[in-house]
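J.: Quick one: sequence and predicted model below, then my questions.
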Amino acid sequence: MNWVHRRMLPRRLTLVVAAALAFACARRAPEVPMGDSEPTHQAPAADRIFLERGSCFGTCPVYTVSLDRSGVVRFEGRRFVADTGVFSAVVPPMRVDSLLAELEAGGYFRFADRYVAGAPGCERYATDLPTVIIEVRAGGRTKRVEHDYGCAGAPEALSAMERRIDEVAGVGTWVGR
């Protein structure tokens, strides 16, 4: 080994050791606080309204939209909308608060979980219509309602809530109808 290689060896070894330590530190489990304090728990999911419109036999708009309590709107257009892709906007947070209050007052949390073929109340059923899913997280509660438009027994109030979510979120901007 010549003198150049001997001088470079400690430097290479130092770099290898430093890289190994960085890797080991990055993979280390998070530390638990010491003392009398309890370990911190993950915060509950933020209040949020989510709506998904599925496909039908024709050209029904297919998209998802969500609103969180801070007013952030996230829209993802998939098919038969003016704008496909992911877009975001902001609405005043008090509009989201008002919408959450409307859903609560309108009985959203008392609806059945599913209004689909074969579910109670959906004895009369038509095929080839879209399905809309709403999920609301508010006040520590989460409720998901699946509404197939082919179910004749679904409450009209549910359809009105779906339209109201679209209105507050401003989806007409992206859907184009």
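T.: That came through, no problem. Numbers count the residues shown, from 1 in each chain.

J.: in this protein, which spans are helices?
T.: Along the chain, counting by DSSP state H, helices occupy 3-26, 93-105, 156-169, 172-175.

J.: which residues touch Ala169?
T.: Applying C-beta atoms under 8 Å, 6 or more residues apart in numbering, we find Ala169 in contact with 51, 65, 67, 73, 75, 89, 91. Using the backbone N, CA and C atoms, a C-beta is placed for each residue, glycine as well.

J.: Export those as a markdown table, with columns for distance to Glu146.
T.: Converted to a markdown table, these look like this (distance: C-beta to C-beta, whole Å):
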| residue | distance to Glu146 |
| --- | --- |
| Leu51 | 12 |
| Val65 | 16 |
| Leu67 | 19 |
| Val73 | 22 |
| Phe75 | 20 |
| Ala89 | 26 |
| Val91 | 25 |
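
J.: which among those end up buried?
T.: Buried members of the contacts of Ala169, scored by 16 or more other C-beta atoms under 10 Å, are 51, 65, 67, 73, 75, 89, 91.

J.: In this structure, where is pLDDT below threshold?
T.: Applying pLDDT under 70 to the chain picks out residues 1-45, 177.
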